[in-house]
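Colleague: predicted model follows, preceded by the sequence.
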Amino acid sequence: MNKNNTCIKDIKRQIFSSVKTIIYPTFKSPKIILTRSACLGQSLLAKRFEFTNIANDNRASSYLTINQQKVRVDMFLEWLAGSQRPVIEKVKQHLNPERPYVLEMLEQQENLPWLTIKDDFEYLLMDSFSELTDNKFTNKKEGWSFCCHRSDMVHNSTEFQDLFFSEGLLSLSSLYDKYLAFFNWFAQQYPDKDIVFFHFPTCLDSREIYNKRSQEIYRVISDLSQTRKYLYSISISNKFVFHAPNDNFPYHFSCKTYIDFVNVWLKNEILQRKKWNKNLFLTYLLINLLSNRKK
């Protein structure tokens, strides 16, 4: 038998032996979750549902995300105010050929899929990667803009530079005002929905610019969350941050790191809930035990 499966079965036996009544959810349709996240947010969401299913003998729900991965909050606000959205047909020929998957993320900026639904979603899940690393590029003739990492484009080519100019990263001095405006819009639009915000660890990245940016994003989000009960600011200690196996990219993390993130997420949710939720608590017990054992 697989070693991991043996570990999980052992943990489940510990939990189920201590819980007399298990309440299974009654929903059948997938949960819809709005996301503005890169690999961190998507991985944490997958981990949470994975362990919810394990804790409940695979009777928990599935989920469906509506993602706007590279939609920086400042750009989203501009598009809501009526600014022209990007014309991706004029951008895609300049994509880095090693990153064809970025095209879908650019199309999300043109289409803004969040705006296709009303309020039939569970919550908004965000991570910090877009404000951390995405640059704004503006079409010189037509004035519209899009966002992506510089390396997503062949940005040094003459053809690209003839059409677009770079406005760079979102300035640190404007982070507070842009996040504040975005959260205020969300709270007004969806007054009964929460925002779960995950901070990308940057301790594996030696570049000072991103370490400095992550510290400021953390400060701003933590400050705003103090006066907004719907905003959860989730981070973990650097001592729990490890590289993904055989992957030196500083923003791909180990299973242990993702499990510790979900552990903090569930703990925060349990502490904030006004009503007892056995399903949530059972999942937390499972992942807490696994967090202490997983190497």
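Modeller: Structure received.

Colleague: which residues does the nearest residue to Ile221 once chain neighbours are set aside contact?
Modeller: Closest residue in space to Ile221, ignoring its immediate chain neighbours: Ser233 at 4.7 Å, by C-beta to C-beta, 6 or more residues apart in numbering. Where you see a C-beta, it was placed from the backbone N, CA and C, and this is true even at glycine. The contact partners of Ser233, by C-beta atoms under 8 Å, 6 or more residues apart in numbering, come to 197, 199, 218, 221-222, 225.

Colleague: Ser174 too?
Modeller: Counting by C-beta under 8 Å, 6+ apart, Ser174 has contacts Asp74.

Colleague: helix/strand/coil for it?
Modeller: Ser174 carries the three-state label helix when classified by DSSP: H, G, I helix; E, B strand; the rest coil.

Colleague: also the one 4 residues further on?
Modeller: Secondary structure assignment for Lys178 (three-state DSSP): helix.

Colleague: distance of the nearest residue to it once chain neighbours are set aside from Ser233?
Modeller: Leaving aside its chain neighbours, Lys178 sits nearest to Asp74 (4.5 Å; criterion: C-beta to C-beta, 6+ apart). Asp74 sits 19 Å away from Ser233, going by C-beta to C-beta, to the nearest Å.

Colleague: and the helix or strand that Thr283 is a member of, what does it pack onto?
Modeller: Following DSSP states H and E, one finds Thr283 within helix 278-293. Counting contacts by 3 or more C-beta pairs under 8 Å, 6 or more residues apart in numbering; DSSP states H and E, helix 278-293 is packed against helix 3-16, helix 39-55, helix 255-272.

Colleague: quick check: Cys147 touching Lys136?
Modeller: Yes - if you go by C-beta atoms under 8 Å, Cys147 and Lys136 touch, sitting 5.4 Å apart.

Colleague: helices of this protein, start to end?
Modeller: Here the chain has its helices, by DSSP state H, at 3-16, 39-55, 73-80, 102-111, 129-133, 158-163, 175-189, 208-225, 255-272, 278-293.

Colleague: ok, the contacts of Ser233 vs Ala181, which is closest?
Modeller: Ile221 (13.9 Å; C-beta to C-beta).

Colleague: contacting residues around the closest one?
Modeller: 128, 179, 197, 199, 231, 233 are the contacts of Ile221 under C-beta under 8 Å, 6+ apart.

Colleague: hmm, back to that, right, and the helices of the chain - which one's nearest Asp119?
Modeller: Taking C-beta to C-beta, helix 175-189 is the member of those nearest to Asp119, at 8.2 Å.

Colleague: before we move on, back to that, now mean pLDDT and distance to Ile88 too, for the helices of the chain, in JSON lines please.
Modeller: Shown next, in JSON lines, are the helices of the chain (pLDDT from 0 to 100; distance: least, C-beta to C-beta, whole Å):
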{"stretch": "helix 3-16", "mean pLDDT": "46", "distance to Ile88": "41"}
{"stretch": "helix 39-55", "mean pLDDT": "90", "distance to Ile88": "21"}
{"stretch": "helix 73-80", "mean pLDDT": "98", "distance to Ile88": "13"}
{"stretch": "helix 102-111", "mean pLDDT": "98", "distance to Ile88": "5"}
{"stretch": "helix 129-133", "mean pLDDT": "99", "distance to Ile88": "17"}
{"stretch": "helix 158-163", "mean pLDDT": "96", "distance to Ile88": "13"}
{"stretch": "helix 175-189", "mean pLDDT": "98", "distance to Ile88": "23"}
{"stretch": "helix 208-225", "mean pLDDT": "99", "distance to Ile88": "26"}
{"stretch": "helix 255-272", "mean pLDDT": "91", "distance to Ile88": "31"}
{"stretch": "helix 278-293", "mean pLDDT": "75", "distance to Ile88": "39"}
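
Colleague: coming back round to it: so for Cys147 and Lys136, which sits in the more crowded spot?
Modeller: Shown here are Cys147 and Lys136; by other C-beta atoms under 10 Å, Cys147 has more neighbours (26 against 19).

Colleague: how about that one: what's its closest non-neighbour residue?
Modeller: Sequence neighbours aside, Asp134 is the residue nearest to Cys147 in space, at 4.4 Å (criterion: C-beta to C-beta, 6+ apart).

Colleague: looks like the one you found contacts Asp74 (just checking).
Modeller: No - applying C-beta under 8 Å as the test, Asp134 and Asp74 come out as separate, 10.3 Å apart.

Colleague: mutual contacts of these two, please.
Modeller: By C-beta under 8 Å, 6+ apart, the residues touching both Asp134 and Asp74 are Leu170.

Colleague: kind regards, and thank you for your time.
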